[in-house]
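S.K.: turn this into a structure:
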Amino acid sequence: MRLEPLNYDVIIIGAGMSGLGAGIRLAHYGKKVCILDRHYLWGGLNSFYRLKGYRFDVGLHAMTNYVPRGTRNAPLTKLLRQLRIDYDEFDLRPQSMSATWFPGKRLRYTNEFAFFENEVAENFPHQADRFRSLVKHVLAYDALDLSVPEFSARKAVAQYLSDPLLVEMLFCPLFFYGSAVENDMDFGQFVIMFKSIYCEGLARPPEGVRRVLKVLLDKYKSVGGELRMKTGVARLDVEGGQVRGVVLENGEVLQATKVISSAGYPETMRLLSDYVPGSEGETHGQLSFVESIDVLTKEPRELGYELTIQFFSTTETFHYQKPAEPVDVRSGVICCPNNFVYERPLETPMMRVTSLANYDRWAAMDAGDYPAEKTRWHARVLDEVVKIVPDFRPWVKFTDIFTPTTVRKFTSHVNGAVYGSPIKFKTGRTHLENLFLCGTDQGMLGIVGALLSGISMANMHVLQEA
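M.R.: Numbering: from 1, shown residues only. Now for the predicted structure:
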């Protein structure tokens, strides 16, 4: 017997941060919403898992945009208000101190911007006034104006700063935490990331991303939203310039007035029933990562390591691009989840190291060689890392590693591109009247950014039009 299609006001593809943000916002206003995700766990790029008795986060090093309770006109404050979530529900704990390390220089930062401004002045005294002028421009710039065309952040910053090393050190954290473009980023993205990391700050719940996702999922369900996990979308049937049906992998057909996809632009285009191969254009991202999580028998602070997150480059020119080798060991991110400000230590001491990687090289590996190659490249990465931090290798008791093929498997992103397409669709509009984008390829990144992306697309394309 053929089942009649189910009808929704909005179907959302993907139960990541942006999809959950959009779903909560719409359900608050009485919209009949269904979120679909092909995996068994929600969170998308920011999820969690358990292995060998240990709990691990995926994606989350820290939540950017951290501000204290009551801070007005901040992105975190805005999203909490829009989702009707109390500040304390996320249980955020601030970083202790983070840094960017380049040969001969280290810039430290806390959640107090004045500290970072002083660091720049002390390390680059001849650039102090220029840096203040750049900051003034950044703070005045409206990065959320969707009508402004994209332009090179490197060219914009070069109008203010003349020291190449300072420029590289400023860009390094912003690239690693949000650029889909090799060796550059849109200036609007630069402003967003600069404010979120340097001007506001970093924080993390003691429970990690689980806490954030639990709050979001509980809120979504409490306002009547429907969530269907292990429910992949096979096809979007297109007719008359609209999506007329959402065909699931089990053959079921759903209908909705509007569809919002957080899957990414090229990934969404490939779902269309009238998809023409190559019609998505140059929207395939190239930037992916490997990450290792080393579980230790000692707290990092016992080994003399106090920093929360450290970005590094062993060369004065930072190479943020798809490497020729499977992994680029010259740069990376060292994250110590234990070194946020908690009342008591976390139950599992660990160090996480993230490095740029080449998806094609990992995808072409023989399955039998894959585990050994992960181990080999992990060792090479740590050989560089322990030149910067205390050597924690003797205290490693367990290691888990993910590669670009892991990213591809669990996100469906072409090339395992963590930050999606180098081309962003700021308005969220596609060529179809009722199909919209949110999340990575709409242009907002990080947990706060992703949530705001979902909220803003729900507001713009559903609630305001209604």
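S.K.: how about stretch 57-74: buried residues?
M.R.: Buried residues in stretch 57-74, defined by neighbour count with 16 or more other Cβ atoms under 10 Å: 57, 58, 59, 60, 61, 62, 63, 64, 65, 66, 67, 74. In this view, the C-beta of every residue, glycine as well, is placed from N, C-alpha and C.
S.K.: just stretch 105-115 next, same as before
M.R.: 107, 108, 109, 110, 111, 113.
S.K.: identify, from those, the entry nearest to residue 43.
M.R.: Distance to residue 43 across the buried residues of stretch 105-115 (Cβ to Cβ) is lowest for residue 111, with 24.7 Å.
S.K.: hang on, the closest one packs against residue 199?
M.R.: No: with contacts counted by Cβ atoms under 8 Å, residue 111 stays clear of residue 199, the gap being 9.5 Å.
S.K.: so in the chain, which helix runs the longest?
M.R.: Secondary structure of the chain per DSSP state H: the longest helix is helix 370-385.
S.K.: now that one: buried residues?
M.R.: By 16+ other Cβ under 10 Å, the buried positions in helix 370-385 come out as 373, 374, 377, 378, 381, 382, 384, 385.
S.K.: can you say which two of the residues you listed are spatially most distant?
M.R.: 373 and 385, at 18.3 Å, using Cβ to Cβ across these.
S.K.: pick the one among the buried residues of stretch 57-74 closest to residue 306.
M.R.: residue 62 (15.5 Å).
S.K.: next, work out how far apart the closest one and residue 216 are.
M.R.: Taking Cβ to Cβ, to the nearest Å as the measure, residue 62 falls 17 Å from residue 216.
S.K.: likewise for residue 22?
M.R.: 11 Å.
S.K.: more neighbours: which of those two?
M.R.: residue 22 (33 against 25; other Cβ atoms under 10 Å).
S.K.: what's near enough to touch the more buried one?
M.R.: Residues near residue 22 by Cβ atoms under 8 Å, 6 or more residues apart in numbering: 10, 12, 260, 262, 438, 454, 455, 457, 458.
S.K.: got a list of what residue 82 touches?
M.R.: Contact analysis of residue 82 by Cβ under 8 Å, 6+ apart lists 25, 455, 459.
S.K.: tabulate the residues you listed (TSV), appending neighbour count, secondary structure and distance to residue 356.
M.R.: Shown next, in TSV, are the contacts of residue 82 (neighbours: other Cβ atoms under 10 Å; DSSP: H, G, I helix; E, B strand; the rest coil; distance: Cβ to Cβ, whole Å):
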residue	neighbour count	secondary structure	distance to residue 356
25	27	helix	34
455	24	helix	31
459	16	helix	35
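S.K.: tell me the one of the residues you listed nearest residue 256?
M.R.: When the contacts of residue 82 are compared for distance to residue 256 (Cβ to Cβ), residue 25 wins out at 15.9 Å.
S.K.: not counting sequence-adjacent ones, nearest residue to the closest one?
M.R.: Setting aside the residues directly before and after it, residue 25 is nearest to residue 458 in space (Cβ to Cβ, 6 or more residues apart in numbering), at 4.3 Å.
S.K.: tell me which strands and helices whichever strand or helix holds the one you found is in contact with?
M.R.: According to DSSP states H and E, residue 458 maps onto helix 446-458. Counting contacts by 3 or more Cβ pairs under 8 Å, 6 or more residues apart in numbering; DSSP states H and E, helix 446-458 packs against helix 17-28, helix 75-83, helix 209-222, strand 253-261.
S.K.: that one relative to helix 17-28, how many degrees between them?
M.R.: Here the directions of helix 446-458 and helix 17-28 differ by 40 degrees (axes from the mean of the first three to the mean of the last three Cα atoms, to 10 degrees).
S.K.: and the spatially most central residue of the chain, what does it touch?
M.R.: Centroid check for the chain by Cα atoms, centre = their mean gives residue 446 as the closest residue, at 4.0 Å. The contact partners of residue 446, taken as Cβ under 8 Å, 6+ apart, are 63, 64, 65, 177, 178, 193, 196.
S.K.: what ranges does the stretch 251-400 of the chain have for its strands?
M.R.: 253-261, 288-296, 309-313, 331-335, 350-357, 396-402 (DSSP state E, counting those that start in this stretch).
S.K.: just checking, what packs against the last one?
M.R.: Packing contacts for strand 396-402, counted by 3+ Cβ pairs under 8 Å, 6+ apart, involve strand 54-57, strand 288-296, helix 370-385.
S.K.: skipping adjacent residues, who's closest to residue 192 in space?
M.R.: Closest residue in space to residue 192, ignoring its immediate chain neighbours: residue 143 at 4.9 Å, by Cβ to Cβ, 6+ apart.
S.K.: tell me how far the one you found lies from residue 153.
M.R.: Per Cβ to Cβ, residue 143 is found 11 Å from residue 153.
S.K.: equivalent analysis for residue 13, please.
M.R.: 30 Å.
S.K.: of these two, which one has the most company?
M.R.: residue 13 (28 against 24).
S.K.: list the contacts for the more buried one?
M.R.: Contacts of residue 13 by Cβ under 8 Å, 6+ apart are 19, 36, 37, 233, 246, 259, 260, 261, 262, 263, 268, 271.
S.K.: count the neighbours of the closest residue to it other than its chain neighbours for me.
M.R.: Among residues not flanking residue 13 along the chain, residue 261 sits closest, at 4.2 Å (Cβ to Cβ, 6+ apart). The number of residues packed near residue 261 is 30, by other Cβ under 10 Å.
S.K.: give the residue spans of the stretch 51-200 of the chain that score low on pLDDT.
M.R.: Scanning the stretch 51-200 of the chain for pLDDT under 70 picks out nothing.
S.K.: show me where it has strands.
M.R.: Remark: strands assigned in the stretch 51-200 of the chain by DSSP E, counting those that start in this stretch are 54-57, 93-94, 98-102, 105-109.
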